[in-house]
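1. pasting the structure only:
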């Protein structure tokens, strides 16, 4: 997935962002390739040499309590490591911090000021709204929050709910364009750049209705699911057994938070949902190696992922 991002950016002359959450890659480890932040950056440096025209922002997603650890001191360890390793952007996210709204604002402000004290060039993404797909904050409150943060530091991306919500392997939300237009009507467009999280599984039509309202969007689950589904498809074609991989995925229980209308009895769906959490397992490595005996499986994956990236780029205008 990471190499597909670099390749697409380089070949198509399109700027893209890589966004690692703390549970994926962090200063002390993560489930993505068992990388710590420095080893991740070393890998990206190799890709940059291979794809010299790639324009990639290295970003921290969901930098806040409860994303891997609830301790504030660990949030700052992540920030320190990110700055040391030259991350371009940090998403300050205290939306899951179990305190009142005013305290979330104060802690977010402290984090932003700390980041800029360490490196004034680090871009800031921020928001306190937890993505549930419903119960959107009132327009005036959103405007006030943006103005509060923008007075501390120019905000590269402001995170707020749009109505979108990813569950299982589908987009379950409903985009609220009227809501975003109301917010934008009271803020200068040059100052407000909206980042939409949970933007996976969007159709051509759904992407186009965001044009002029959303400036950037995050996708990740749909790419992980795509790699899992492509793996299973190629296993079926070449007669490679993948049951131990699915079993490992199911045992991880990483599917729990993604369930919507199904439950744990739908074992196959649960395993598909959480497959990307165990790509670093010995079970997946065996499957990957077996498939490589039949074809260049990495290239098969990159081609499939590239098509998905292309779908978003060609139908979404972030300007």
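-> That came through, no problem. Since this is a predicted model, take the numbers as computed values, not measurements.

2. the helices in this protein, which residues?
-> Listed in chain order, the helices of the chain (DSSP state H) span 2-12, 37-50, 72-84, 101-118, 139-152, 177-184, 204-208, 221-238, 243-252, 267-273, 282-292, 297-315.

3. could these be laid out in TSV, adding distance to residue 19 and mean pLDDT?
-> For the C-beta atoms, the positions are set from N, CA and C on the backbone; glycine is no exception. Listed next are the helices of the chain as TSV, based on distance: least, C-beta to C-beta, whole Å; pLDDT from 0 to 100:
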stretch	distance to residue 19	mean pLDDT
helix 2-12	10	98
helix 37-50	12	98
helix 72-84	12	97
helix 101-118	16	97
helix 139-152	19	94
helix 177-184	21	94
helix 204-208	18	97
helix 221-238	11	98
helix 243-252	22	98
helix 267-273	20	98
helix 282-292	22	98
helix 297-315	14	98
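
4. Which of those sits closest to residue 57?
-> Closest approach to residue 57 among these (C-beta to C-beta): helix 2-12, 10.0 Å.

5. Give me the contacts around the closest one.
-> By C-beta atoms under 8 Å, 6 or more residues apart in numbering, the residues outside helix 2-12 that reach it are 14-16, 18, 43-44, 47-48, 50-56, 298, 301-302, 305-306, 309-310, 313.

6. next one: stretch 245-263
-> With C-beta under 8 Å, 6+ apart as the criterion, stretch 245-263 contacts 166-168, 170, 172, 221, 228, 231, 267-275, 277-278, 281, 283-284, 286-287.

7. Start and end of that stretch, how far apart?
-> 20 Å (C-alpha to C-alpha, to the nearest Å).

8. and if you look at stretch 266-285?
-> 25 Å.

9. With stretch 6-17 instead?
-> With C-alpha to C-alpha as the measure, stretch 6-17 spans 10 Å from end to end.

10. now it, how far from the chain's geometric center?
-> Remark: stretch 6-17 is offset 17 Å from the chain centroid, using C-alpha atoms, centre = their mean, to the nearest Å.

11. Buried residues, it. List them.
-> 6-10, 16-17 (16 or more other C-beta atoms under 10 Å).

12. still on that earlier bit, weed out the non-buried ones from the contacts of helix 2-12.
-> 16, 18, 44, 47, 51, 54, 56, 301-302, 305-306, 309, 313.

13. Output those residues as TSV; include the columns distance to residue 213.
-> TSV is the format used below for the buried ones among the contacts of helix 2-12 (distance: C-beta to C-beta, whole Å):
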residue	distance to residue 213
16	20
18	24
44	31
47	32
51	31
54	28
56	25
301	32
302	31
305	26
306	26
309	21
313	17
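
14. biggest separation within those residues, which pair?
-> 44 and 313 (20.3 Å).

15. now the helices of the chain as JSON lines including distance to residue 198?
-> Shown next, in JSON lines, are these (distance: least, C-beta to C-beta, whole Å):
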{"stretch": "helix 2-12", "distance to residue 198": "19"}
{"stretch": "helix 37-50", "distance to residue 198": "24"}
{"stretch": "helix 72-84", "distance to residue 198": "22"}
{"stretch": "helix 101-118", "distance to residue 198": "20"}
{"stretch": "helix 139-152", "distance to residue 198": "17"}
{"stretch": "helix 177-184", "distance to residue 198": "14"}
{"stretch": "helix 204-208", "distance to residue 198": "12"}
{"stretch": "helix 221-238", "distance to residue 198": "9"}
{"stretch": "helix 243-252", "distance to residue 198": "21"}
{"stretch": "helix 267-273", "distance to residue 198": "15"}
{"stretch": "helix 282-292", "distance to residue 198": "25"}
{"stretch": "helix 297-315", "distance to residue 198": "14"}
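
16. and of those helices, who's closest to residue 129?
-> helix 139-152 (7.7 Å).

17. Could you list every helix and strand in contact with that closest one?
-> Packing partners of helix 139-152 (3 or more C-beta pairs under 8 Å, 6 or more residues apart in numbering; DSSP states H and E): helix 101-118, strand 123-127, strand 157-159, helix 177-184.

18. Tell me which of those sits most buried.
-> strand 123-127 (a mean of 24; mean count of other C-beta atoms under 10 Å).

19. any idea of the mean pLDDT for it?
-> For strand 123-127, the mean per-residue pLDDT is 98.
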